[in-house]
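Q: Give the three-dimensional model of this entry:
(chains A and B)
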Amino acid sequence: MKTGFCLRNAQVNQMLKIVTVSAEGELGRRIRDLGLIPGTECKVIGKAPLKDPVALRLKDFTLTLRNSEADHITVAALED
Amino acid sequence: MSSSLLVALAGQPNCGKSTVFNMLTGARQHVANYPGVTVEKKTGFFSLGDMRVELVDLPGTYSLTSYSLEERVARDFLLNDNPGVVIDVADASNLKRNLYLTIQLLEMEVPTVVALNMMDVATRRGQSVDIAKLEQLLSVPVVPTVAKKGEGKEAVRIAVEHAHAEKTVAPFVVDYGPLESRIDEISAMLAGDPTLGAQYPVRWLAVKLLENDHEAEVLLRRVHSAPQGVLDAVVLARAGFLEGEGRDIERHIAYARHAAAGRIAREVVAVEEGRGRSLSDRADRFICHRFLGPVILVLILLALYQVSIVFGGWLAAEVWPLWGGIETFVSDMLPAAGFAEDPLVRSLGEWVVKSMTAILNYLPIFLLLFAFIAAMEDSGYMPRMAFILDRLFRRFGLHGQSTLPMILGGVYVGGCAIPGVMATKAIPDERARLATILIVPMMNCLAKVPLYLILIDAYFPQMGGLAMFFIATVTLFMALPVAKALSLTILRKKEQAPFIMEMPPYHVPTMGGVARRSIERTWLFVKKIITVVAAVAVVIFVLINFPGLSDTRRAHYAAEEKAAIDAFMVEVDKTEYKGVITHDDVLGIILFDEALRQAKVGVTDQAVSDTINERFDTANPVYSAVVRRQGDSGRTLNRELRKVVSVRKQLRREMRTERFEGSFLGVVGRAIEPVTQYAGFNWRINIALLSAFAAKENSAATLGAIYGIDGSGQSVEESMKQEEAGFTPLHALALMLFMALYPPCIPTSIMVRHQSNSTKWMMFSIGYQSLLGLLVATLVFTGGSMLALSGFQAMWAFYALCVAVTVVMAMIPSREEARAASEDGKEPCKENCS
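A: Next comes the predicted model:
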């Protein structure tokens, strides 16, 4: 596994694994409630016309988040 | 013996909760709000043997922390209303995430039945769920359902009955690992209090307190005899844990719950390899595509516009005879009309009914709009729309989900602010939601269009199309900067919510579901609006009709009335009807004439027309002879009658204008003239604008009343130009812009109050738009006059100004963005995490 980088900088369709989630308070709760916790596998499946927000695919569902929210999440690329 | 049982329905968003609700309760539903908040509370009923079950639909939430309003509402209900049983709807195709909520429900120690919904979707994706195993792991009954098809209804009912009969709850215990000792410590302190221990689940409260949950703290202070001791212990425990484990407790608890959910899901779900939700993913490749996405979005919105406004407008016209029929019916019931003045009961009654039919007229449009929205909601397109437009709208302090309210309000031409404001409910972000509520009334609703058309026809006849384009699009360039300005100033301190949200898989909406929701919402709207409109109509009626004419003016009109009738009688006495038709018959003949015309409205068939004629002939042969020009005398008298009718109309118009001018509203109109003259409005225009507050159509109608549309055969445009000789296109432009920014009409204001849950915001909404409208109209009129611009030049100068302001406003960063930007340089990605 390579070193972690910010989710904002992830490539579309790159397989990722969440390394850390640093958000506090309400945002942190929302991110956790949706199941974005360290160890979760995901991939960016698309970006909106102005490159923000991004659509993130988890195992069973898709969610969207703004880049400002993605900044709180670091990921690592999965080799496959 | 019959008894009753309260059952709550909980579940995450997009798990098919409302379908389960409909499956269990059928048509027996009641929609209201939870007390004090704008969260909708749906209640339904069904019977279980001889037991009456009240089913309450809780808001869909991912979790039961108390942060968002929905979660707070759901949790308060579970805690304080003591439901006998909770049905937890879980999406079988998304079990792991759904179990996260299930676990929290079980921790609250309420008797729970899990309805494992969307089994068909799970099967289609190659997932199978071991129900027996899941029941064993959770130690609560689990019922597989496909609510969409009504499968599992009976099983859920039986499970609820059993859960209620058994009553005992085996709490589900999540292993919190290193936190357990601290939970035990706090639990012991809580259990020591006799009332608390009996009323609330102790372990749950201990976990909540350790999670630093504010509501739990409030609860503790209320029920515990010595809360401070417990809270001190909690603070110590939190600090100790953070130091010992290197991560805060909230995070640790969430991870432990997710781990438990994941463990259970792994044990019960078997997945066939290579099958995902590929269809939705493939659709998203186009629908959320960077270039195709916006194109598809525009096409969908065009379809929405076409169906609801264009087709709905046609439908409204088709349905109109029904409302017209009601108006006629009420008119018939009321005391008959007089010659120059009608009895008060009649004019008031007609006014109130007309105010209501004016709104009811939009009913077909609302039904279609609501159906379209319901279909869009059910299909899963809404979050995609927010996804595509969020970045753009965010620049103006709005939200991706502000799109729909603005479309409904009439972002181009033709919408209605009422459903627009209603639709802001979906916006999770308080600041963006209020900003949207405040700008939706600035859109071009259908009722503003008649005034635009009159003014454009009268003052921009050569450039009608361009002028219409101007007013249709300039509103957006006024609304966006205003939204940004509001969110940078008075809305600055309002809470913002994270955007992060689920994009559920696409569903094909069902006809039944869409129809049900559309009718439900329309009915809610009718109930809410109509009663208020009727009440307000009475007030407005008084304001524009009283104190009324003085006795001398009345005598003057009475004399004119007598002169006209006398002249007619002179002619009567020259014919064979001398002595048959008397003074008292004249009004009768006029009303007879009106009734005949009314009866023939829309009749094209000669045979039908003949029957009507016959009916009137037998009803009163003498009147009929005059009205239907039978014989020489009939023809002569008919000619004379036309003159009387024309005098009557003239008198009525003059009296109405005079009454208006002298009315309370007229006095106000004159009083504000010194201010409004800079915007180019004289007191007559002021009256028309003031009367529009009840409903915007009134502006055109009042202008019609002031300038007189009846009798002369002139259009409002012509008579307006004639009577307002000093009016220039610049006046018209200022007036159009004022109308665009006009404060929300009364039904919309009520909706604003309802959605913002505050009278203050409603008053603000009315106040700021009046001021802004006056300011813009003054700027355009006075500015245009000083620069000696023509109306057309001023129009495009203003347009350019608005676009420029919009672009500038888009560049100004919000408070949060500014802060983020200053941090960005130092620390591009926050990394100090667990």
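
Q: Touching, B:L205 and B:E217? I think so.
A: No - distance between B:L205 and B:E217: 10.1 Å, which falls outside the contact criterion (CB atoms under 8 Å). Bear in mind the C-beta positions are built from the backbone N, C-alpha and C, glycine included.

Q: Looking at the two, which is more packed in?
A: For B:L205 versus B:E217, neighbours defined as other CB atoms under 10 Å in any protein chain shown are more numerous around B:L205 (26 against 16).

Q: tell me which element that one falls in.
A: Secondary-structure assignment from DSSP states H and E places B:L205 in helix B:202-210.

Q: just checking, B:P383 touches B:E502?
A: Yes - if you go by CB under 8 Å, B:P383 and B:E502 touch, sitting 7.0 Å apart.

Q: These two: which has the busier surroundings?
A: More neighbours sit around B:P383 than around the other of B:P383 and B:E502, counting by other CB under 10 Å; the figures are 23 against 19.

Q: So, low pLDDT: which residues of the stretch 351-500 of chain B?
A: Using pLDDT under 70 as the threshold, the predicted model of the stretch 351-500 of chain B has low-confidence ranges B:413.

Q: Near chain A, which residues of it? Just list them.
A: Contact residues of the stretch 351-500 of chain B with respect to chain A, defined by CB under 8 Å from any CB of the partner chain, are listed as B:383, B:386-388, B:390-392, B:394, B:400, B:497-500.

Q: what's the spacing between B:A340 and B:I746?
A: Counting by CB to CB, to the nearest Å, the separation of B:A340 from B:I746 is 31 Å.

Q: Please, where are all the strands along chain A?
A: Assignment of strands within chain A using DSSP state E yields the ranges A:5-6, A:15-21, A:41-47, A:54-57, A:62-65, A:73-77.

Q: dump the residue contacts of residue 19.
A: In the absence of a named chain, this looks at chain A. Counting by CB atoms under 8 Å, 6 or more residues apart in numbering or on different chains, A:V19 makes contact with A:G4, A:P38, A:T74, A:V75, A:A76.

Q: I was after chain B.
A: Neighbouring residues of B:T19 by CB under 8 Å, 6+ apart: B:N117, B:A147, B:K148, B:G513.

Q: May I have the secondary structure class of it?
A: The local conformation at B:T19, judged by DSSP: H, G, I helix; E, B strand; the rest coil, is helix.

Q: which residues touch the lowest-mean-pLDDT helix or strand in chain A?
A: Each helix and strand of chain A was given a mean pLDDT (mean pLDDT, DSSP states H and E); the minimum falls on helix A:25-33 at a mean of 88. Residues lying outside helix A:25-33 but in contact with it, judged by CB under 8 Å, 6+ apart, are A:21, A:23, A:65, A:69, A:72-73, B:62-63, B:65, B:67-68, B:100, B:250-251, B:254-255, B:258, B:497-498, B:500.

Q: Can you give the distance from stretch B:561-571 to the centre of its chain?
A: Averaging C-alpha coordinates over stretch B:561-571 and over its chain gives two centres that are 54 Å apart (CA atoms, centre = their mean, to the nearest Å).

Q: What's the mean pLDDT across the top helix by length along chain B?
A: Scanning chain B for the longest helix, with DSSP state H as the assignment, gives helix B:511-545. Taken as a whole, helix B:511-545 carries a mean pLDDT of 80.
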